[in-house]
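*Asks:* Sharing a sequence plus its predicted fold:
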Amino acid sequence: MSAKITMYSTRFCPYCMRARSLLKKKNVEYEEIRVGSSPALWQEMREKTNGTTVPQIIINGQVIGGYDDMARLDREGKLDNLLKEQ
């Protein structure tokens, strides 16, 4: 079983596209919540992550942050372990 991953995003955000690409490369499933123009979803994202920009990525309940944060974890060799945990 793999990690539970949630990503708050918008459709055409370049960082969201990079995050999708990295998660696809890692061959993991994730739930994507597109906040779009929904004030309620933006508010939900802010409450859960304290983030105000997209993407906001949560792995097993741990707020990772945005794409740059996830890419840094990958470069440091820490992302794969997070993605395998339950």
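*Replies:* Sure, I can see it. Treat the numbers as computed from the prediction; the structure is a model and nothing was measured.

*Asks:* Next, the buried residues of stretch 50-60.
*Replies:* For stretch 50-60, a neighbour-count test (16 or more other C-beta atoms under 10 Å) marks 51, 54-59 as buried. C-beta: built from backbone N, CA, C; applies to glycine.

*Asks:* Looking at the residues you listed, which two lie furthest apart in space?
*Replies:* In the buried residues of stretch 50-60, the most distant members under the criterion C-beta to C-beta are 54 and 59, with 16.0 Å between them.

*Asks:* ok now the lowest-mean-pLDDT helix or strand in the chain, how far from the chain's centre?
*Replies:* Lowest on mean pLDDT, DSSP states H and E among the helices and strands of the chain sits helix 79-84, with a mean of 94. Helix 79-84 sits 13 Å away from the centroid of its parent chain (C-alpha atoms, centre = their mean, to the nearest Å).

*Asks:* Residues touching that helix, excluding its own?
*Replies:* Applying C-beta atoms under 8 Å, 6 or more residues apart in numbering, the external contacts of helix 79-84 come out as 2-3, 5, 26, 28, 59-60, 62, 64, 70, 73-74.

*Asks:* Stretch 8-18: end-to-end distance?
*Replies:* Distance across stretch 8-18, first residue to last, is 13 Å (C-alpha to C-alpha, to the nearest Å).

*Asks:* Assumed residue 33 was part of a helix.
*Replies:* No. Looking at residue 33 with DSSP: H, G, I helix; E, B strand; the rest coil, it is strand, so not inside a helix.

*Asks:* Next, the residue nearest the centre of the chain: secondary structure please.
*Replies:* Compute the mean C-alpha point of the chain, and by C-alpha atoms, centre = their mean the closest residue is residue 57, 2.3 Å away. Three-state call for residue 57 (three-state DSSP): strand.

*Asks:* With adjacent residues omitted, what lies nearest to it?
*Replies:* residue 64 (4.4 Å; C-beta to C-beta, 6 or more residues apart in numbering).

*Asks:* For that neighbour, pull up the helix or strand it's in.
*Replies:* Assessed by DSSP states H and E, residue 64 sits inside strand 62-65.
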